[in-house]
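Colleague: Predicted model and sequence below, questions to follow.
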Amino acid sequence: MREGAKPKTVSADSGTKVWPLWRALYAQGDPLPVLPRVTRRSAHRFDEGDALPEEYRRLLVKMIRREGERAGNKSFLNLMAGCIELADTLYPTQELKVLKAEYVAEELKHAIQFHRLALALEPALALRDAPYTHYALRLDRGSWVDDAFFHFFMDLTGAFYAREWVQSSYVPLARLAPAIERDEVGHSELGYHLLSRICAEGPGRELAQRLLAKWYPAALDVWGRSDSPSMPTLIRWGLKNVENEAMRQAYQQYVDPKLQALGLELPDPRAQRLFL
């Protein structure tokens with residue numbers, strides 16, 4: 001498949017019939033690996049309206065601010081506008097553009113949910129902009145192959161975070177987590193759906209192999225430093241339950257077989273990495 005080649009056009013209706021893309025995966029059982037939790041779990045548990053210890057509140061506010069999916073976060077809204085523009089200019093069929101519209105709709109749903117959560121926690125947080133600082137979220141997406149990798153890798157990190165939030169000591173976040181996990185698995189499957197089409201022909205698979213060298217290290221770097229100094233405090237409060245390196249390894253356990261099933265060779269997991 002040439003980089004600019006277009007697959008056979010499919011009606012827009014077929015895009016809506018396969019959404020949500022998580023449904024087929026969960027029908028076969030739990031698609032995600034079991035996360036290895038810390039041996040000593042936090043005894044803390046806080047619900048909306050509870051008085052929060054100052055350190056706990058500070059860490060929770062920082063975490064919600066960095067999450068980014070908030071209706072009042074200008075950077076998130078700009079990211080969604082960019083997603084629509086990418087689909088309009090790069091996606092080769094109407095069917096795929098419809099799938100991207102479904103994706104944006106669900107991400108905006110998450111933004112409303114996190115807006116409500118932020119508003120109850122700290123009203124000023126609801127309108128606070130949080131520019132995306134990690135380089136993985138700022139990589140160039142100059143082709144629909146890049147965009148496919150973006151969804152496969154980056155949205156999957158959201159699913160893994162949500163799975164960890166199920167055990168969060170902050171009850172409002174724990175309540176949201178299961179539905180967000182499913183949605184984000186589906187968003188990752190959007191990327192995999194695109195990659196399956198791209199890799200079905202030799203030239204497309206060759207292009208995907210080249211671009212994998214850009215996206216794979218960035219995806220592994222999303223999990224941060226293995227020796228993060230803040231991790232013990234986050235675990236003590238129950239705001240984290242899995243250490244960074246354990247999350248990274250579970251993530252690789254999921255993505256590696258799926259990439260190999262497309263006929264792609266895995267890059268060296270330490271090559272071009274910034275956070276080890």
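Modeller: Received the coordinates, thanks.

Colleague: just checking, residue 266 is part of a strand?
Modeller: No. Counting by DSSP: H, G, I helix; E, B strand; the rest coil, residue 266 is not part of a strand but coil.

Colleague: what number of residues lie near it?
Modeller: Per other Cβ atoms under 10 Å, the neighbour tally for residue 266 reads 13. Quick note: C-beta positions are derived from backbone N, CA and C, even for glycine.

Colleague: Which parts of the stretch 1-150 of the chain are helices?
Modeller: 13-18, 22-27, 54-67, 74-90, 94-121, 144-149 (DSSP state H, counting those that start in this stretch).

Colleague: hey, which of the ones you listed is tucked in deepest?
Modeller: Most buried of the helices of the stretch 1-150 of the chain, by mean neighbour count (mean count of other Cβ atoms under 10 Å): helix 144-149, with a mean of 22.

Colleague: got the contact list for stretch 20-27?
Modeller: 31, 99, 102, 106, 182, 183, 185, 186, 187, 189, 190, 193 (Cβ atoms under 8 Å, 6 or more residues apart in numbering).

Colleague: Could you list the low-confidence segments of the stretch 1-150 of the chain?
Modeller: By pLDDT under 70, the low-scoring segments of the stretch 1-150 of the chain are 1-16, 38-41.

Colleague: Make TSV from the helices of the stretch 1-150 of the chain and add distance to residue 275 to it.
Modeller: Below are the helices of the stretch 1-150 of the chain laid out as TSV (distance: least, Cβ to Cβ, whole Å):
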stretch	distance to residue 275
helix 13-18	35
helix 22-27	28
helix 54-67	15
helix 74-90	21
helix 94-121	25
helix 144-149	19
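
Colleague: Relative to residue 254, which of the ones you listed is closest?
Modeller: helix 22-27 (11.0 Å; Cβ to Cβ).

Colleague: hang on, the earlier thing: nearest approach to residue 221 belongs to which of the helices of the stretch 1-150 of the chain?
Modeller: Residue 221 lies closest, by Cβ to Cβ, to one member of the helices of the stretch 1-150 of the chain: helix 144-149, at 14.1 Å.

Colleague: CA-only coordinates of the closest one in CSV, if you can.
Modeller: Only the C-alpha atoms of helix 144-149 are listed here, as CSV (Å, rounded to 0.1, in the frame of the first residue of the first chain):
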residue,chain,number,x,y,z
TRP,A,144,-2.9,8.3,9.1
VAL,A,145,-0.4,5.6,10.0
ASP,A,146,1.0,7.9,12.7
ASP,A,147,-2.5,8.5,13.9
ALA,A,148,-3.2,4.8,14.1
PHE,A,149,-0.1,4.3,16.3
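
Colleague: helices or strands next to the following helix or strand past that helix in the packing?
Modeller: Sequence order places helix 156-165 as the next helix or strand after helix 144-149, per DSSP states H and E. Here helix 156-165 touches helix 171-198, helix 244-261, going by 3 or more Cβ pairs under 8 Å, 6 or more residues apart in numbering; DSSP states H and E.

Colleague: Just want the angle from the longest one to helix 54-67.
Modeller: Helix 171-198 and helix 54-67 are oriented at 30 degrees to each other (axes from the mean of the first three to the mean of the last three Cα atoms, to 10 degrees).

Colleague: Only the buried residues of helix 171-198, if you could.
Modeller: Residues of helix 171-198 classed as buried by neighbour count (16 or more other Cβ atoms under 10 Å): 172-177, 180-195, 197-198.

Colleague: any idea which helix or strand comes after it?
Modeller: Taking DSSP H and E, what comes next after helix 171-198 is helix 202-221.

Colleague: Which secondary structure elements does that following helix sit against?
Modeller: In terms of contacts (3+ Cβ pairs under 8 Å, 6+ apart), helix 202-221 is packed against helix 144-149, helix 171-198, helix 244-261.

Colleague: Share the number of residues neighbouring residue 53, please.
Modeller: There are 12 residues near residue 53, going by other Cβ under 10 Å.

Colleague: What separation do you get for it and residue 170?
Modeller: In this view, residue 53 and residue 170 are 12 Å apart by Cβ to Cβ, to the nearest Å.

Colleague: now residue 272
Modeller: Distance of residue 272 to residue 170, computed by Cβ to Cβ: 35 Å.

Colleague: And these two? Which one has more around it.
Modeller: Comparing residue 272 with residue 170 by neighbour count (other Cβ under 10 Å), the higher total belongs to residue 170, at 24 against 13.

Colleague: Perfect, I'm done here.
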